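>>> Pasted the sequence and its predicted model underneath.
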Amino acid sequence: MHLTTSPVDWYAARAAGVAAYLILTVVVTLGMTMASKRQFRRWPKFAIEDVHRFGGLLVGSFVAIHVVTIALDAYLPFSLPALVVPFVARYRPLFTALGIVAAELLLALAITNRYRDRLPYRFWRRAHYLNLAVRTAATVHGLGSGTDRSTPWLLGLFAASVALVLGAGTWRALRRSGVRVRGLSAGLAAAGVLAVVLLATGPLRFSPKPWNAGSFDAALTGQVLQNTGSTRGLVSAAATADGKQRALLRADLLIEPSRLDATSFQLEFLPSGLLCRGSVTKVHSFGFDARCRAGDGTRRFVHATWTLEPGNRFEGRVVVHA
């Protein structure tokens with residue numbers, strides 16, 4: 001079992017998701033304001049349309065990067081069906097499903113744009129309103145499943161994006177009605193900001209997991225592997241710790257007939273990939289004690305216990321402290 005991973009894919013997935021959301025905000029807002037002939041008097045209409053079209057391509061590209069890097073991420077492994085079929089993923093199924101639906105609706109819109117000249121204008125125009133459904137699903141997806149959703153900077157981006165789209169949508173819908181559009185647009189934009197804040201601090205409140213925790217207690221699942229020769233035997237225990245701090249563990253014991261010849265131990269923190277290397281200090285019937293030094297210079301002391309299951313698999317707990 002190879003216990004090395006890189007946080008690069010995790011960072012890339014987060015960055016691509018945020019970038020896609022922000023560009024989608026710009027694209028939807030441009031689409032709403034393009035209906036006015038007076039809104040862009042200083043800019044040629046074809047230039048605005050080109051920006052709108054190029055923005056749509058960028059959104060699709062960043063969504064593709066978001067999906068691919070999530071598929072590669074070792075922190076929350078996703079199968080292919082879980083990436084394309086709503087409610088199959090185990091991680092926050094509702095909010096993950098909304099993200100999948102948003103991506104698939106975006107793909108459908110891209111197809112209608114590609115064949116715009118062959119489709120009835122009324123059909124294309126009505127299909128284009130799906131952008132609002134994409135925006136709504138993407139917003140709730142980000143607020144409900146994003147790992148940074150509790151951070152002020154991301155909440156600020158979500159609030160500003162929602163306010164911008166609501167304000168532009170209100171202006172477009174009521175610009176010819178004689179209603180005081182500016183005041184109503186500002187009011188709905190403020191309501192959107194309030195809704196984001198209430199959701200993020202209420203039902204969608206999120207407490208992030210610790211990063212490279214000094215101490216944690218977690219459930220342990222893994223397997224014991226044995227390779228016994230004529231004079232020596234290698235016993236390895238490889239496991240995954242699930243809890244507030246996710247981690248991968250591996251303990252290797254080189255055993256001679258009457259004594260323990262050598263040991264090694266490795267603890268890998270997820271999703272950072274920080275490695276803590278050391279040795280097993282004591283072996284129990286079903287468990288071990290170990291100590292290690294991490295790449296940042298900190299030490300960890302580990303106590304693992306388990307009960308064996310069929311097929312040399314085991315379940316137990318691990319306690320780590322600095």
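Everything's here; your move.

>>> okay, CA-based contacts and neighbour counts for the rest of this
Noted.

>>> all strands of the stretch 201-322 of the chain, in order?
Under the criterion DSSP state E, counting those that start in this stretch, the stretch 201-322 of the chain carries strands at the ranges 216-228, 233-242, 246-256, 259-270, 275-284, 287-294, 299-308, 313-321.

>>> Would you mind saying which of those strands lies nearest Asp73?
In terms of C-alpha to C-alpha, the element of those nearest to Asp73 is strand 259-270, at 10.3 Å.

>>> circling back to that earlier point, columns distance to Ala108 on top of the strands of the stretch 201-322 of the chain, output as CSV?
Listed next are the strands of the stretch 201-322 of the chain as CSV, based on distance: least, C-alpha to C-alpha, whole Å:
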stretch, distance to Ala108
strand 216-228, 41
strand 233-242, 38
strand 246-256, 37
strand 259-270, 35
strand 275-284, 43
strand 287-294, 48
strand 299-308, 50
strand 313-321, 45
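
>>> In CSV, list those along with distance to Leu94, mean neighbour count and mean pLDDT.
Shown next, in CSV, are these (distance: least, C-alpha to C-alpha, whole Å; neighbours: other C-alpha atoms under 10 Å; pLDDT from 0 to 100):
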stretch, distance to Leu94, mean neighbour count, mean pLDDT
strand 216-228, 25, 17, 87
strand 233-242, 21, 20, 87
strand 246-256, 22, 20, 89
strand 259-270, 24, 19, 89
strand 275-284, 33, 17, 93
strand 287-294, 37, 20, 94
strand 299-308, 33, 18, 94
strand 313-321, 29, 18, 94
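
>>> Between these, which one is closest to Val59.
When these are compared by C-alpha to C-alpha, strand 259-270 sits nearest Val59, at 28.6 Å.

>>> of the strands of the stretch 201-322 of the chain, which approaches Pro152 most closely?
Ranking those by distance to Pro152, with C-alpha to C-alpha as the measure, places strand 259-270 first at 23.2 Å.

>>> then that closest one to CSV, C-alphas only?
Output of strand 259-270 as CSV, limited to C-alpha atoms (Å, rounded to 0.1, in the frame of the first residue of the first chain):
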residue,chain,number,x,y,z
ARG,A,259,12.6,-11.7,18.2
LEU,A,260,11.5,-8.6,16.4
ASP,A,261,14.3,-7.6,14.0
ALA,A,262,13.1,-4.2,12.7
THR,A,263,10.1,-2.0,12.5
SER,A,264,8.9,1.0,10.5
PHE,A,265,5.8,3.2,10.8
GLN,A,266,4.3,5.8,8.5
LEU,A,267,1.3,8.2,9.1
GLU,A,268,0.0,10.3,6.3
PHE,A,269,-2.4,13.2,6.9
LEU,A,270,-5.2,13.8,4.4
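
>>> I'd like to know how far Phe206 sits from Ser145.
As for Phe206, its distance to Ser145 is 9 Å (criterion: C-alpha to C-alpha, to the nearest Å).

>>> my bad, Asp289
Counting by C-alpha to C-alpha, the separation of Asp289 from Ser145 is 36 Å.

>>> same deal with Asp261?
From Asp261 to Ser145 the distance is 47 Å (C-alpha to C-alpha).

>>> right, and Val27 touches Leu57 too?
No - counting by C-alpha atoms under 8 Å, Val27 sits too far from Leu57 to count as a contact (10.0 Å).

>>> ok, the two, which is more surrounded?
Val27 (22 against 15; other C-alpha atoms under 10 Å).

>>> so the more buried one sits in a helix?
Yes - the assignment for Val27 (DSSP: H, G, I helix; E, B strand; the rest coil) places it in a helix.

>>> Report the contact partners of it.
Val27 sits next to His52, Gly55, Gly56 when contact means C-alpha atoms under 8 Å, 6 or more residues apart in numbering.

>>> which residues touch stretch 164-178?
Contacts with stretch 164-178, where a contact means C-alpha under 8 Å, 6+ apart, come from 25, 28-29, 32-33, 35, 181-182, 184-186, 188-189, 192.

>>> Show me what the mean pLDDT comes to for that stretch.
Stretch 164-178 comes out with an average pLDDT of 77.

>>> quick one: buried residues of it?
Judged by neighbour count (16 or more other C-alpha atoms under 10 Å), stretch 164-178 contains these buried residues: Leu164, Val165, Leu166, Gly167, Ala168, Gly169, Thr170, Trp171, Arg172.

>>> hang on, the last one in a helix?
It stands for Arg172. Yes - under three-state DSSP, Arg172 falls within a helix.
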